[in-house]
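Peer 1: Sequence plus predicted model, see below.
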Amino acid sequence: MGKFKDIWDRSKDGSKAPQRSFVRFAIVITAIFVLFLFIKKDNVVRWVQAGFTLRSQERRIEALKQDNDRLDEQIRLLSTSRDSLERYAREEFGFAEPGDDVYIVEE
């Protein structure tokens, strides 16, 4: 901490005045830059949050595309085969043909 405090004392510059001046300049510019990043309307925090939101939405889109592909395949299978459509209607909706015995089991 002592060296950082001494960097602002110009009487200690001696023969290293240009280097110490550059260090002071770099510290001030860095501090201004950091303040600018966090105070500005489109700050870094907002950019990071937007990045997380974007990645989350991209993952959701990919999951929905996979679900859509699965449903398209199911539609294709049900529309091409009467037997699979009949089995699906019986299993999912409880459909029965005339003459079938229907049992209702409560779970």
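Peer 2: Noted; the coordinates are in hand. Numbers count the residues shown, from 1 in each chain.
Peer 1: Could you point out the longest helix of this structure?
Peer 2: helix 44-80 (DSSP state H).
Peer 1: Output the contacting helices and strands for it.
Peer 2: helix 17-39, helix 82-93 (3 or more Cβ pairs under 8 Å, 6 or more residues apart in numbering; DSSP states H and E). To be clear about C-beta, it is placed using only N, CA and C from the backbone, and glycine gets the same treatment.
Peer 1: Might you list the low-confidence residue ranges for the protein?
Peer 2: For the chain, residues meeting the criterion pLDDT under 70 lie at 1-14, 16, 41.
Peer 1: picking that back up, compare the helices and strands packed on helix 44-80 and report which one is nearest to residue 100.
Peer 2: Checking the helices and strands packed on helix 44-80 against residue 100 by Cβ to Cβ gives helix 82-93 as the closest, at 8.8 Å.
Peer 1: Secondary structure element holding residue 100?
Peer 2: Per DSSP states H and E: residue 100 is located in neither a helix nor a strand.
Peer 1: For it, give me phi and psi.
Peer 2: Dihedral pair for residue 100: phi -80, psi 140, per degrees, to the nearest 10.
Peer 1: Could you check how far stretch 72-83 is from the centre of its chain?
Peer 2: Distance, stretch centre to chain centre, for stretch 72-83: 35 Å (Cα atoms, centre = their mean, to the nearest Å).
Peer 1: residues in contact with that stretch?
Peer 2: By Cβ atoms under 8 Å, 6 or more residues apart in numbering, the surrounding residues in contact with stretch 72-83 are 84-85, 88.
Peer 1: Need the helices and strands packed on helix 44-80 in TSV (columns: distance to residue 48).
Peer 2: Shown next, in TSV, are these (distance: least, Cβ to Cβ, whole Å):
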stretch	distance to residue 48
helix 17-39	11
helix 82-93	44
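Peer 1: So which of those helices is nearest residue 57?
Peer 2: Per Cβ to Cβ, nearest to residue 57 of these: helix 17-39, 24.7 Å.
Peer 1: And the closest one, what's buried?
Peer 2: residue 20 (16 or more other Cβ atoms under 10 Å).
Peer 1: tilt between it and helix 44-80?
Peer 2: Note on geometry: by axes from the mean of the first three to the mean of the last three Cα atoms, to 10 degrees, helix 17-39 and helix 44-80 are set 50 degrees apart in direction.
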